[in-house]
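In: Using only what follows, build the 3D model:
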Amino acid sequence: MALVRAFVRFAVVGAIATAIHAAVFALLIEATRVDPVAATVVAFAVAFVAGFALNRRWTFGSRAHPVAQLPRYLAAQLAGLALSAAIMFFAVHLQRWSPYAGLALSIALVPPVTFALSRWWVFRT
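Out: So this is what the prediction gives:
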């Protein structure tokens, strides 16, 4: 039961981080003359910090020093990004499927992987 609760919290944090990313991106694009690529980088950084803080405290209840966990969290998130890109490449370029099929596969496959990395490596007790 604790595992299911943690995964649900992880999913909620992912949704919050996505909303933060979108809001920061839109704010930068609409209120400033920031280039969209730069806006994406800033939005990713803000969402990354929020996701780390929320997952660390709320999802996994970690009491370890955050400096030790932050590089592992970054590695886990980059692994998720790499897996997502590989899935998209497979779906679109090898299978000739719609990019939305690749997106659906990524949504189904990547969160369990990043959750496992977070639970048993990044925030392990």
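In: pretty sure residue 17 contacts residue 49?
Out: No. Applying Cβ atoms under 8 Å as the test, residue 17 and residue 49 come out as separate, 9.3 Å apart. C-beta coordinates here come from the backbone N, C-alpha and C atoms, glycine included.
In: between those two, which one's more packed in?
Out: A count of neighbours by other Cβ atoms under 10 Å puts residue 17 above the other of residue 17 and residue 49, at 21 against 13.
In: Can you name the residues that contact the more buried one?
Out: 47, 48, 50, 51, 54 (Cβ atoms under 8 Å, 6 or more residues apart in numbering).
In: so it is in which element?
Out: Assigned by DSSP states H and E, residue 17 falls within helix 2-31.
In: Just the buried positions in the next helix or strand after that helix, please.
Out: Following helix 2-31 in sequence order, the next helix or strand is helix 36-54 (DSSP H and E). Within helix 36-54, the residues that count as buried by 16 or more other Cβ atoms under 10 Å are 39, 40, 42, 43, 44, 46, 47, 48, 50, 51, 52, 54.
In: hang on, the earlier thing: averaged pLDDT, the helix holding residue 17. What do you get?
Out: Averaged over helix 2-31, pLDDT sits at 97.
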